[in-house]
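Colleague: Sharing a model that was predicted from the sequence below.
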Amino acid sequence: MANENLATKEITQVDAAASVTAGAKVYIDNGGTFARANLDDVFKISDTFQTLRGNGSPHNGIFRGKDLTNVYTVAQMYSMVHSGNFDDLFIGDYFTVSLTTDIYTHFTGSTFDSGTTYYEASGTINERVWTATSDATPQSGKIYATKLTKTESVALMFAHFDYYYGIGDTALGTHHAVLVPRSTFATAASMNPTNTTVGAYANSDMHQITLPCYAKSLKTALDNHLLAHKSWLTTAINASAASAAGGDQTGAANAAAWSAVELQLMNENQLYGSSVWSSGAYDVGADAEKLAVFNFVNPVQFGRSTTWLRSIMSAAFFCTCNNSGLAGGNGASSASYVRPIILFG
């Protein structure tokens, strides 16, 4: 732009003749005060782009992929999200947090091994408490587990803004961002101790035991801004029904209910944009829309690990995204990786 004396010149956009390249300085109208700014800032403060404020939808269509770890604090990003303006946050942006997680694994044996500490569960799913058991042998009706403590760095990526806004049997009225790990959590886990999907996703060990462990450590990392919400989760299967997965697969979800969740796995629709091996409509529920970030990146772009999805495939298999990005499934007792939906808001 040739003329830098802007005192009497009204400008609301970059001159068409200007040559603008990445990182170049451009002039923007910041509410009547002209200033020089990086291109990254144009979307944040220019009146020309005020339609980006107060609405998550435009942000869902812009992929940036910027590392925000040393740019904003968690508190600052929370403020941008909670206001519903989303300001300088775009799809693919990410920040790294340190997680220290006590990961409990369901123990279903008939005797305890000498020298191993076992824990028993109390409380509800989202208020799970584990204490070292004083039982000499497993008792009927109790849930026991072993414990592994894992410390890891996880890059949390902005995947969608206001995905669940207005959704639920009681409408969610809190602005939020859906975060997913760029890759996965570091420790593999099973969906159930044996190869069964009886009880469907809502009654799986993954939902009842594993994910609440990560919810606890994520609350700390996100300054207690992990947003609980209601989600439509499968609760039962018909083991003899034909699965919509085809290929002579039998076993399909046949019931679902609104459930209070803090973390959940993605379903196939959220990752791929449609059902592939899912057993039927109950696996989709209210989560029929593809997460916006996967319009720009593929499922394994930042890490080639086989990850669980919450969709039922058959009476023995849950759906997966394998380490090549293929839609597929694994026996429920297999060890695959965990990549949940995290609502930040």
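Modeller: It's in.

Colleague: Validate this expectation: residue 134 resides in a helix.
Modeller: No: Residue 134 is assigned coil when assessed by DSSP: H, G, I helix; E, B strand; the rest coil, not a helix.

Colleague: what kind of secondary structure is residue 79 in?
Modeller: Under three-state DSSP, residue 79 comes out as helix.

Colleague: can you count the residues close to it?
Modeller: Other residues near residue 79 come to 14 when the count uses other Cβ atoms under 10 Å. Every C-beta, even on glycine, is put in place using the N, C-alpha and C of the backbone.

Colleague: With residue 261 instead?
Modeller: Neighbours of residue 261 (other Cβ under 10 Å): 21.

Colleague: Please report the distance of it from residue 138.
Modeller: 29 Å (Cβ to Cβ, to the nearest Å).

Colleague: repeat for residue 223
Modeller: Distance from residue 223 to residue 138, by Cβ to Cβ: 38 Å.

Colleague: How about residue 291?
Modeller: 40 Å.

Colleague: And these two? Which one has more around it.
Modeller: Remark: of residue 291 and residue 138, residue 291 carries more neighbours, 21 against 18, as counted by other Cβ under 10 Å.

Colleague: tell me the pLDDT at the more buried one?
Modeller: Looking at residue 291, its pLDDT reads 98.

Colleague: same deal with residue 44?
Modeller: 47.

Colleague: Enumerate every residue touching residue 190.
Modeller: Going by Cβ atoms under 8 Å, 6 or more residues apart in numbering, residue 190 touches 205, 206, 332, 333, 334, 335, 336.

Colleague: now these: which count as buried?
Modeller: Burial by neighbour count, 16 or more other Cβ atoms under 10 Å: within these this picks out 205, 206, 332, 334, 336.

Colleague: Helix, strand, or coil at the second one?
Modeller: For residue 206, the secondary-structure state derived from three-state DSSP is helix.

Colleague: Nearest residue to it in space, please, no chain neighbours.
Modeller: Closest residue in space to residue 206, ignoring its immediate chain neighbours: residue 191 at 4.7 Å, by Cβ to Cβ, 6 or more residues apart in numbering.

Colleague: Which helix or which strand is home to residue 256?
Modeller: Secondary structure from DSSP states H and E places residue 256 in strand 250-261.

Colleague: ok, that strand: who's next to it in the sheet?
Modeller: Sheet pairing of strand 250-261 (DSSP bridges) gives strand 229-242 (antiparallel).

Colleague: Flag every buried residue along the longest strand along the chain.
Modeller: Taking DSSP state E as the criterion, the chain has its longest strand at strand 144-161. Along strand 144-161, these residues count as buried under the neighbour rule (16+ other Cβ under 10 Å): 144, 145, 154, 155, 156, 157, 158, 159, 160, 161.

Colleague: Return the list of helices and strands in contact with it.
Modeller: The contact analysis (3 or more Cβ pairs under 8 Å, 6 or more residues apart in numbering; DSSP states H and E) places strand 144-161 against helix 56-59, strand 94-107, strand 119-122, strand 177-181, strand 340-344.

Colleague: So what angle separates the directions of that strand and strand 94-107?
Modeller: Put simply, strand 144-161 runs at 150 degrees to strand 94-107, going by axes from the mean of the first three to the mean of the last three Cα atoms, to 10 degrees.

Colleague: now the helices: where do they sit in the stretch 201-345 of the chain?
Modeller: Using DSSP state H, counting those that start in this stretch, the helices found in the stretch 201-345 of the chain span residues 205, 211-221, 268-272.

Colleague: Just send those back as JSON lines, with mean pLDDT and distance to residue 280 too.
Modeller: Formatted as JSON lines, those follow (pLDDT from 0 to 100; distance: least, Cβ to Cβ, whole Å):
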{"stretch": "helix 205", "mean pLDDT": "97", "distance to residue 280": "22"}
{"stretch": "helix 211-221", "mean pLDDT": "97", "distance to residue 280": "23"}
{"stretch": "helix 268-272", "mean pLDDT": "98", "distance to residue 280": "12"}
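
Colleague: I'd like to know which of those is closest to residue 342.
Modeller: Checking the helices of the stretch 201-345 of the chain against residue 342 by Cβ to Cβ gives helix 211-221 as the closest, at 6.2 Å.

Colleague: And the closest one, what does it pack against?
Modeller: For helix 211-221, the packing partners by 3+ Cβ pairs under 8 Å, 6+ apart are strand 94-107, strand 263-265, strand 340-344.

Colleague: Show me the one of those that comes nearest residue 235.
Modeller: strand 263-265 (13.5 Å).

Colleague: So for the closest one, mean pLDDT?
Modeller: 97.

Colleague: same deal with stretch 56-75?
Modeller: 93.

Colleague: what comes up buried for that stretch?
Modeller: 56, 58, 59, 60, 63, 64, 65, 66, 68, 72, 74.

Colleague: who touches the third one in this structure?
Modeller: Spelled out, it's residue 59. With Cβ under 8 Å, 6+ apart, residue 59 has these contacts: 52, 86, 89, 90, 91, 161.

Colleague: And the residues you listed, which is the shakiest by pLDDT?
Modeller: residue 52 (50).

Colleague: quick one, what contacts the residue nearest to residue 192 when sequence neighbours are not counted?
Modeller: The shortest distance from residue 192 to any non-neighbouring residue, by Cβ to Cβ, 6+ apart, is to residue 332 (4.2 Å). Shown in contact with residue 332 (Cβ under 8 Å, 6+ apart): 190, 191, 192, 194, 195, 196, 197, 204, 316, 317, 318.
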